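Visitor: below is the sequence, then the predicted model.
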Amino acid sequence: MTEPSVAVWVYAVGVDLDGPWLAGATGVDGESLRVVSASGLAALVGSVDSGRFGAEGLRRRLDDLDQLEGIARRHHAAIALIAAHRPVAPARLATLYADDDRVRTAVRRHRDEFLAALRNVAGRLEWGVKAYSTGSEPDQPTPSAPTSGTAYLRQRQALLSARNSSWQRAAESAHAVHDRLSEIAVEAREHRPQDPNLSGDRRSMILNGAYLVDNEHAEEFATAVATLADEHPELAVELTGPWPAYSFAVVDDEQ
Amino acid sequence: MTIEPRASSSAPVGVGSHEPANLGDILERVLDRGVVIVGDIRISLLDIELLTVKLRLLIASVDTARELGIDWWEHDPWLTSSARKSLPPGRGHDPALEADPDD
């Protein structure tokens, strides 16, 4: 089966997405961003070359981390652009349709779910909080050179158990941080730690949280993160965001 | 039709207006979160290898994709030795050893 020359890439779904912010805005293929409407909903899309972004082309390009990075950043940038003006449900990377009508059909099929998701994220933003175990111990004895095999083993055991309890303390602290932030947020998610190969960060990530926060509580949230970071020197705490609500505008066809 | 905005006195400066996000933060969001609706050109992001940075894609029909168990990423291969065995070799580095404090 030959692929058509153009495919439609979906960035996000929302309501009333067209506006001056789209002027000159481009997507993953350098294409102009535009809006497709259906049943009161709107999809932010772009027409991409299906040779480069169809099945085979995408397979080749996403296999290369540099190209993946470019595509991922442009996909996210388009979503972020519109999320600054309207609540949106961001689409996962590589959601493609043969044409606009097919986009409309898909959007209509999930109309109620989209409306519920959009109501859930309107006036709210996602914030990310990552915490790493610093392994800092207040009273760490400086190990002297072991004088015997037994001494070596004892020292090793002490080191491992100190490391273990330091990790446990960090895990408890991470729970405390997550619980406190969940009180301020409307919704909270704990995601699995990031893959060091993708993040390039070799530290031990012990919390990877996403928090949906009302805009008027954003400052309180950021302050709470800073306070918790101070209270927990055994953690290195990082705040990222605001993000479009990737974790909270959930519509899933595969469940 | 509009989605009524909630009263917000002080909205944050702008979505994504902070420093350019690091790649890990972006990838985990665009690859693993967001709305999942079935497209025509169905590209299943299976086998995102955690031990190497290679991505593999599989083109599958809707039905096949379901059968293949698209939720494979719910299992952490670095914690499950059986899942680890089924992954292709990495670059000679096993992050599971670093993550494990008991070494």
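Guide: Okay, I see it. Quick caveat: nothing in here was measured; it's all calculated off a predicted structure.
Visitor: C-alpha only now, for contacts and for neighbours.
Guide: Will do.
Visitor: kindly provide the distance from residue A:247 to residue A:159.
Guide: Counting by Cα to Cα, to the nearest Å, the gap from residue A:247 to residue A:159 is 39 Å.
Visitor: likewise residue A:118?
Guide: 51 Å.
Visitor: so for stretch A:48-57, what gets flagged as buried?
Guide: Of all the residues in stretch A:48-57, those buried under the rule 16 or more other Cα atoms under 10 Å in any protein chain shown are A:48-50, A:52-56.
Visitor: can you give me how far the strand or helix carrying residue A:154 is from the chain middle?
Guide: Taking DSSP states H and E as the definition, one finds residue A:154 inside helix A:149-184. On the basis of Cα atoms, centre = their mean, to the nearest Å, the separation between the geometric centre of helix A:149-184 and that of its chain is 27 Å.
Visitor: and what of stretch A:77-94?
Guide: In terms of Cα atoms, centre = their mean, the centre of stretch A:77-94 is set 12 Å apart from its chain centre.
Visitor: how long is it end to end?
Guide: Counting by Cα to Cα, you get 15 Å between the two ends of stretch A:77-94.
Visitor: that stretch near chain B anywhere?
Guide: Yes: against chain B, stretch A:77-94 shows contacts by Cα under 8 Å from any Cα of the partner chain at A:80-81, A:83-84, A:89-94.
Visitor: taking the residues you listed one by one, which sit in helices?
Guide: When DSSP state H is applied, the residues of stretch A:77-94 next to chain B are split such that A:80-81, A:83 fall in helices.
Visitor: show me what the longest helix out of those in chain B is packed up against.
Guide: Of all the segments of type helix in chain B, defined by DSSP H, the longest one is helix B:23-32. The elements that helix B:23-32 packs onto, with contact taken as 3 or more Cα pairs under 8 Å, 6 or more residues apart in numbering or on different chains; DSSP states H and E, are helix A:65-83, helix A:196-199.
Visitor: do you know which of the ones you listed lies nearest residue B:36?
Guide: Nearest to residue B:36, of all the helices and strands packed on helix B:23-32, is helix A:65-83, at 14.7 Å by Cα to Cα.
Visitor: and the closest residue to residue A:188 other than its chain neighbours, what does it touch?
Guide: If the residues on either side of it in the chain are set aside, residue A:188 comes closest to residue A:211, at 4.5 Å by Cα to Cα, 6 or more residues apart in numbering or on different chains. Shown in contact with residue A:211 (Cα atoms under 8 Å, 6 or more residues apart in numbering or on different chains): A:126-129, A:181-182, A:185-189.
Visitor: for burial, what's the neighbour tally of the closest residue to chain A within chain B?
Guide: Nearest residue of chain B to chain A (Cα to the nearest Cα) works out as residue B:24 at 4.1 Å. By other Cα atoms under 10 Å in any protein chain shown, 17 other residues sit near residue B:24.
Visitor: with residue A:182 instead?
Guide: Using other Cα under 10 Å, residue A:182 has 19 other residues around it.
Visitor: can you name the element that comes right after the lowest-mean-pLDDT helix or strand in chain A?
Guide: Averaged element by element with mean pLDDT, DSSP states H and E, chain A has its least confident helix or strand at helix A:196-199 (a mean of 66). On the C-terminal side of helix A:196-199, the nearest following helix or strand under DSSP H and E is strand A:204-214.
Visitor: pull the distance from the strand or helix carrying residue A:60 to the chain's centre.
Guide: Secondary-structure element containing residue A:60, defined by DSSP H and E: helix A:55-62. What separates the centre of helix A:55-62 from the centre of its chain is 23 Å, taken as Cα atoms, centre = their mean.
Visitor: can you check stretch A:179-194 too?
Guide: Using Cα atoms, centre = their mean, the mean C-alpha position of stretch A:179-194 is found 13 Å from that of the whole chain.
Visitor: other residues contacting that stretch?
Guide: Outside stretch A:179-194, the residues that reach it (Cα under 8 Å, 6+ apart) are A:205-214, A:217, A:220-221, A:224-225, A:247-248, B:24, B:28.
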